[in-house]
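A.B. asks: Dropping the sequence and predicted coords here.
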Amino acid sequence: MSKIDITATTLLGVESIVAKEIRQLGYKDVTVQDGRVTFVGDELAVCRANLWLRCAERVLINLGEFKAETFDELFEGTKALPWADWLPVDAVFPVNGYSLRSKLFSIPDCQAIIKKAIVESMKGRYKKEWFDESGSQYKIHFGIIKDRATLMIDSSGPSLHKRGYRELSVEAPLRETLAAAMVEISRWRPDMPLCDPFCGSGTIPIEAALMGSNTAPGIMREFAAESWERIPQKLWKDAREEAVSRINKDARLNIMGSDIDGQAVKLSRSNAKKAGVDALISFKRTDMRDLYLREDSGYIICNPPYGERMGEQSEAEELYKDMGLAFKDLAPGWSYYILSANEEFEKLFGQKADKKRKLYNGMIKCNLYQYRKNQ
């Protein structure tokens, strides 16, 4: 198999978690940058990364990086890359990307030039003048930052947060990859209780159950690279069989989800069943203010409403105050991990966090407020 440079893109703030996941898969040559983690693997690594990375957004194949201050440099640099090593003669290859702090700032022009350069590169290998894009899709991603261009091919297809279990969701759902990152940051252990009193679509409890049962998050879905000629079907079969063999079917977890909205609870149960973890989670309709947890210790991990809309902020602030009072009534061994975009959260909650971590929920800058009792 080949030596391949691979990039896992991430939400800002979770890069170190994704780097840890990659090392746990056995890949050691790992480099962390803002919004991405790069590592060296092979064709099987592409399969395993797509199946197993809980907190990454996409798995990309790095084709190359070069200086591009002019369109001529962008064209020649792109043309020199080994596109035909990956793209078959009938490949469909749309081009998308971005440019930051660079002389080449017109995205449509960059797209057109990169597309033309790839075609010219493939002409040399396939001895053809025209390419009928009728086969499998190979999405080309480019990034130009400070006049340096990086070109990659997307092996994932739809973003990795689309696990396949959440066809429907409540309004403003938490992305699955961010929910997984929150559980990872908490250092929750499967032998400890976990509660989400604002479960919404059930994302945090479901992601915790997938972790606790050692179920690969991508096991239910397909990936773009499954139809690529470069990666044999046997490798995908081997990677999936490995993932199935590693599921802990005897897992016994104490994971609870509740919400004041009965429809949200019903939806959570449905999503958990689709994810195959419904037996590991209990959901019920409960107002957070009436929260009762009989265990002496555990983890509360939640994403309460932010009040982003006009008129809702005051309601959210009152909720944070009520949370502070309700959580004080719990046994002293409970840790809390609360995601909020409100900079005054600690004041409203009535307690200064032991630690804060900046995370982004979509485009919303948040903090994960950490109140640690179990570490």
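C.D. replies: Structure's in. What do you need?
A.B. asks: which residues in this structure form strands?
C.D. replies: Remark: strands assigned in the chain by DSSP state E are 4-10, 30-33, 36-41, 56-67, 95-100, 139-145, 148-154, 194-196, 255-259, 281-285, 297-302, 333-340, 355-361, 364-371.
A.B. asks: Least confident secondary structure element in the chain?
C.D. replies: Sorting the helices and strands of the chain by mean pLDDT, DSSP states H and E puts helix 313-328 at the bottom, at a mean of 92.
A.B. asks: got the buried residues for that helix?
C.D. replies: Residues 316-317, 319-320, 323-324, 326-327 are the ones in helix 313-328 that count as buried (16 or more other CB atoms under 10 Å). Bear in mind the C-beta positions are built from the backbone N, C-alpha and C, glycine included.
A.B. asks: Throw the residues you listed into JSON lines and include distance to Val18, thanks.
C.D. replies: Listed next are those as JSON lines, based on distance: CB to CB, whole Å:
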{"residue": "Ala316", "distance to Val18": "30"}
{"residue": "Glu317", "distance to Val18": "33"}
{"residue": "Leu319", "distance to Val18": "31"}
{"residue": "Tyr320", "distance to Val18": "30"}
{"residue": "Met323", "distance to Val18": "30"}
{"residue": "Gly324", "distance to Val18": "32"}
{"residue": "Ala326", "distance to Val18": "34"}
{"residue": "Phe327", "distance to Val18": "30"}
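A.B. asks: Now flag whichever of those is closest to Gly262.
C.D. replies: Checking the buried residues of helix 313-328 against Gly262 by CB to CB gives Leu319 as the nearest, at 18.2 Å.
A.B. asks: hey, which of the strands of the chain is tucked in deepest?
C.D. replies: Neighbour counts (mean count of other CB atoms under 10 Å) averaged over each of those peak at strand 194-196, with a mean of 28.
A.B. asks: Touching, Gln137 and Val92? I think so.
C.D. replies: Yes. Gln137 lies in contact with Val92 (CB atoms under 8 Å); the separation is 4.5 Å.
A.B. asks: export the strands of the chain to TSV and tack on distance to Arg230?
C.D. replies: Output for the strands of the chain, formatted as TSV (distance: least, CB to CB, whole Å):
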stretch	distance to Arg230
strand 4-10	9
strand 30-33	23
strand 36-41	13
strand 56-67	9
strand 95-100	19
strand 139-145	15
strand 148-154	10
strand 194-196	40
strand 255-259	39
strand 281-285	39
strand 297-302	39
strand 333-340	39
strand 355-361	33
strand 364-371	38
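A.B. asks: would you turn the ones you listed into CSV with distance to Ser270 and mean pLDDT?
C.D. replies: What follows is the strands of the chain, written out as CSV (distance: least, CB to CB, whole Å; pLDDT from 0 to 100):
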stretch, distance to Ser270, mean pLDDT
strand 4-10, 29, 97
strand 30-33, 37, 95
strand 36-41, 33, 97
strand 56-67, 25, 97
strand 95-100, 33, 96
strand 139-145, 31, 96
strand 148-154, 30, 97
strand 194-196, 16, 98
strand 255-259, 12, 97
strand 281-285, 10, 97
strand 297-302, 20, 97
strand 333-340, 23, 96
strand 355-361, 23, 94
strand 364-371, 26, 95
